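Q: One predicted model, sequence on top.
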Amino acid sequence: MNGAIALGYADLGVAALLLLAAGGLSLVMSLELEKRLLVAGLRAFVQLTCLGLVLKWVFALTNPLVVGAFLAIMIVVAAKTASARVEKPPFPVFLTALGALAVPAVLVTATVTSGIIGAEPWYDPRIVLPIAGMVIGNTMTAVSVALDRLYSELRSDRGRIVAMLALGGTGREAAAQCMRRALTSGMIPTINSMTAAGIVFIPGMMTGQILSGTNPIVAARYQIVVLMMVAAATALGSVLAVWAGYRRAFDSEERFVLVDDTTFER
Amino acid sequence: MTGLPIPGPEIKINGLWAEGLEVYRGGKVIVNAPAFAVNPGELVLLSSPSGGGKTSFLLALARLIPYSGVLQLGTVRATEIPPSAWRKEVLYSGQPPQPLGETLRAALSLPFTLAARSGTPQPTTTAMESQLAELGLDYPLERPTSALSLGEVGRLTLARALLAAPSILLLDEPTANLDESSKKYVTRMVSRYIDAGASVVVAAHDSPWLTHDRRYTITGGVLEELG
């Protein structure tokens, strides 16, 4: 790699002007978004600058424990974010989200970093952390969408589910349709982005690699690996989340526990 | 109308007993049933003021909501067999009726796609058609269930429950949303099902069910047999 063109504070200032332009637009059109734009812009500046500093430190250390701790923090924060995005969950879903994130985060990241890229040493943070970040970020969205959809489907399908149980169906049989819908909605964004990649947009990682001077053919191959790995991770994460999530909707006596007083009343 | 026996799976003959049954809703006891029984070939009528707990009591008999106490089917305690096996024999059919299939055929064959009935053959096309006709639903089996009225869906779910041939059939307001002639279809088919040796418990507040063998009522949350 022949390196990226470095950006100075002056360049960031020009970028800030773009944000100000957006704020001005909000003022003119009285969208009342100026304040939120400003706060979000500042947050992005501070968060990303800190991330840059922290990553520089972690890269310099190249210590497996530090890499592991970094991964653990990413997974926990992602699980918190994912569970907070589930609307009106019938039970706390943090642990479900944590499990559904941790398994693909470890399995898929390891497959890509060690199996495909061949990181040397295997915990090289310069490779492991960006890959894990993409895996975790995408899986987080998939898990929260899948869980949110699962519980809204189970709630709106109460009558059907109880009727299926009454005919001798198991919880799994009764919830199958809701689970399918939840899995589909968890997977659709990934499938859409694979379909549109390269036609509608240049994917983010490929953009970054091209800007930093990588041969576009190599960048394309990396991007293909990333899309496949994101597909695998979101599929695995959604399946785990939906599977764990549906089980909690039925008790050990195979009764549907998301019933309320209106389920059987007329 | 033909008076011929209905072709369909064979009904096993069992009675259902409950003793000291307490039915829970939201962690509280809402129905207390010191004793309840329905014998093979009996029609038991369950009445109570609206919201009096009829539905909850039936749901508990089908093990669909929490209960404590003794519940027994023939010689088998509820605790001895898994819920899906129990519900296959103690079948609750409630309101609002759920078609659970896009066509009449799909709706009627659904119970036979469940693991609890693996090995039980699907009812034949003739069996499904005659069951529907007997309930006044003279439609082709490929008709979409979305084209049925609520009362027709109710009769469809009754046809499905009868084809599934449980020992004990628990019917919650089976004549709701039905006109007088449709009610007759329902009462006739239920009587015929009892004559075949099965037991039926009907929860209803209006009663075209003149020929019941026994009658229970729930007052103030307590189930009592009426003399």
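A: Nice, thanks for sending it over. Numbering: from 1, shown residues only, chains lettered A, B, ... in the order given.
Q: Quick check: closest non-adjacent residue to B:L156.
A: Computed as CB to CB, 6 or more residues apart in numbering or on different chains, the closest residue to B:L156 that is not its neighbour in sequence is B:A107, at 5.8 Å. In short, each C-beta sits where N, CA and C put it, glycine included.
Q: Now for that neighbour: which residues touch it?
A: Residues in contact with B:A107, defined by CB atoms under 8 Å, 6 or more residues apart in numbering or on different chains, are B:99-101, B:145, B:156-157, B:160.
Q: What does it show for phi and psi?
A: Main-chain torsions, B:A107, degrees, to the nearest 10: phi -60, psi -40.
Q: tell me the SS of B:V202?
A: What DSSP: H, G, I helix; E, B strand; the rest coil gives for B:V202 is strand.
Q: repeat for the one 3 residues further on
A: In three-state terms, and counting by three-state DSSP, B:H205 is coil.
Q: quick one: pLDDT of it?
A: pLDDT, the model's per-residue confidence, is 76 for B:H205.
Q: Count the residues that sit near it.
A: Close neighbours of B:H205, defined as other CB atoms under 10 Å in any protein chain shown, add up to 13.
Q: just checking, it touches B:S50?
A: Yes - look at B:H205 against B:S50 with CB atoms under 8 Å: they come within range, at 6.5 Å.
Q: which residues touch A:P92?
A: Neighbour list for A:P92: A:S83 [criterion: CB under 8 Å, 6+ apart].
Q: A:L65 versus that one, what's the distance?
A: Distance from A:P92 to A:L65, counting by CB to CB, to the nearest Å: 30 Å.
Q: can you check A:L107 too?
A: Distance from A:L107 to A:L65, by CB to CB: 20 Å.
Q: So for those two, which sits in the more crowded spot?
A: A:L107 (14 against 9).
Q: what's the more buried one in contact with, if anything?
A: Residues counted as contacts of A:L107 (CB under 8 Å, 6+ apart) are A:L236.
Q: Spell out which residues of chain B are next to chain A.
A: Selection of chain B residues close to chain A by CB under 8 Å from any CB of the partner chain yields B:25-26, B:51, B:55-56, B:59, B:62-66, B:82-85, B:87-88, B:91-96, B:98, B:100, B:110-111, B:114-117, B:157, B:160-161, B:164, B:173, B:176.
Q: In strands, which of these fall?
A: Counting by DSSP state E, these place B:25, B:91-93 in strands.
Q: so which of those comes closest to chain A?
A: Nearest to chain A, judged by CB to the nearest CB, of these is B:Y92 at 4.2 Å.
Q: Could you give the bridge partners of the closest one?
A: B:L170 (DSSP bridges).
Q: ok, it to B:Q131 distance?
A: Per CB to CB, B:Y92 is found 19 Å from B:Q131.
Q: same question, A:S152
A: For A:S152, the distance to B:Q131 - CB to CB - is 36 Å.
Q: Show me which of the two is the more surrounded one.
A: B:Q131 (23 against 17).
Q: The more buried one: which element?
A: Element membership for B:Q131 (DSSP states H and E) is helix B:125-134.
Q: Name all residues that make contact with the residue lying closest to A:A182 once chain neighbours are set aside.
A: In space, and not counting its chain neighbours, A:A182 is closest to A:L150: 3.7 Å by CB to CB, 6+ apart. Each residue near A:L150 by CB under 8 Å, 6+ apart is listed here: A:178-179, A:182, A:241-242, A:245-246.
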